[in-house]
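Structure for the following, please:
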Amino acid sequence: MQTTALGRTGITVSRLCLGTMTFGEQNSEAEAHAQLDYAVGRGINFIDTAEMYPVPPRQHTQGLTEAYIGSWLKARGRRDRVVIATKVAGRSTELAYARPFAIHPDRRNIEAAVDASLRRLQTDYIDLYQVHWPDRSTNFFGRLGYQHQPYPDEVPIEATLAALADLVRAGKVRAVGISNETPWGAMRYLALAEQRGLPRVASIQNPYSLLNRVFEIGLAEIALREDLGLLAYSPLGMGALTGKYRHGARPPEGRLTRFDRFKRYSTPAGEAAVETYAQIAEQHGLNLPQMALAFLLRQPFLTSAIVGATTPDQLRTNLDAADLTLPDAVVAAIEAVHAAQPNPCP
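Prediction:
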């Protein structure tokens, strides 16, 4: 498994990261531990989670994902062999049950959230602590166009970053990152860090896949010039790029079958693109999800692709993509599909 630097932190992470948002919903604690064992055995040292996981968020399951990782860490030991990334929720009414006050990335929320995550993870520190989504009204989670509608109670980015700085000084967090951010937000975080002596964000976790390459438009240059590497989530379009939903199939265990919140990955345009990509893979004797992941791994702005799975076979297939180098003809065919119909599932 290849590794790379996490921004300018001095932390080294594997190019594939184990995503865990199924732990506690689609995967039991025993299954979660088995995935963690297998991934680490294959050279994965990077594990991503969040305080709101599993997904979809529910009051009775909130925090189970971190708790399952925590029980694994306690059972296996060797905390220093893995890099744990988790997230504090942004503005939310959906997660009102998580705390007895309004959910925002402000000091009160960040301090409460990190302490709860540390308890669930059964660790003294978090390697990468990320702001899950912005507090302001902006374009993320499938929304492309920007409409300027400021909230009267927006938490300034500087206030969020100052609270994160205190966590770093306290030793609770080693590095900080952002997620579901825009080019303006990313540059604002970077500018404030430089101007005010605050922690420099190390990474940006945004969606990126063959079905959604929006990151390339405004954020790829920032990622490269500012060492703000992408942690790509949904690299297989919530399973669409596995091919299991082809020809109208709806396997009962699939996320797109079970959860309406992911419907943006099953649009007619997306399904047509998946079919074309599947045909490219078949023509070249490739596995579709491995081809999709290998394309991401060749991008210079990518730090790590976050792969999740619900079965051992899925995880094994995904991790095998690390050894695949795509022929030039395959890359050219992929680019032709993207040029003809870019970003069908933003």
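
Only C-alpha atoms, please: export the host helix or strand of residue 158 in CSV.
Residue 158 belongs to helix 157-170 when assigned by DSSP states H and E. Extracted as CSV, the C-alpha positions of helix 157-170 are listed here (Å, rounded to 0.1, in the frame of the first residue of the first chain):
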residue,chain,number,x,y,z
ILE,A,157,-14.4,30.7,10.2
GLU,A,158,-11.9,32.5,12.4
ALA,A,159,-13.9,31.5,15.5
THR,A,160,-14.1,27.8,14.4
LEU,A,161,-10.3,27.8,13.7
ALA,A,162,-9.5,29.5,17.0
ALA,A,163,-11.4,26.8,18.9
LEU,A,164,-9.6,24.1,16.9
ALA,A,165,-6.3,25.8,17.7
ASP,A,166,-7.0,25.3,21.4
LEU,A,167,-7.6,21.6,20.9
VAL,A,168,-4.2,21.4,19.2
ARG,A,169,-2.5,23.3,22.0
ALA,A,170,-4.2,21.0,24.5
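
For residue 147, give me phi and psi.
phi -120, psi 130 (degrees, to the nearest 10).

Would you mind listing the residues in contact with it?
residue 137 (C-beta atoms under 8 Å, 6 or more residues apart in numbering). Glycine gets a C-beta too; all of them are placed from N, C-alpha and C.

I'd like to know how far it sits from residue 138.
9 Å (C-beta to C-beta, to the nearest Å).

show me what contacts the closest residue to residue 290 other than its chain neighbours?
Setting aside the residues directly before and after it, residue 290 is nearest to residue 321 in space (C-beta to C-beta, 6 or more residues apart in numbering), at 4.1 Å. Residue 321 sits next to 16, 289, 290, 291, 292, 293, 294, 297, 307 when contact means C-beta under 8 Å, 6+ apart.

Of those residues, which belong to helices?
Among the contacts of residue 321, DSSP state H puts 289, 290, 291, 292, 293, 294, 297 in helices.

could you dump the contacts of residue 321 to a markdown table with neighbour count and pLDDT?
Shown next, in a markdown table, are those (neighbours: other C-beta atoms under 10 Å; pLDDT from 0 to 100):
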| residue | neighbour count | pLDDT |
| --- | --- | --- |
| 16 | 26 | 98 |
| 289 | 24 | 98 |
| 290 | 19 | 98 |
| 291 | 23 | 98 |
| 292 | 28 | 98 |
| 293 | 27 | 98 |
| 294 | 21 | 98 |
| 297 | 19 | 98 |
| 307 | 26 | 98 |
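
Widest-spaced pair of those?
Greatest spatial distance in those: 16 and 291, 14.8 Å, computed using C-beta to C-beta.
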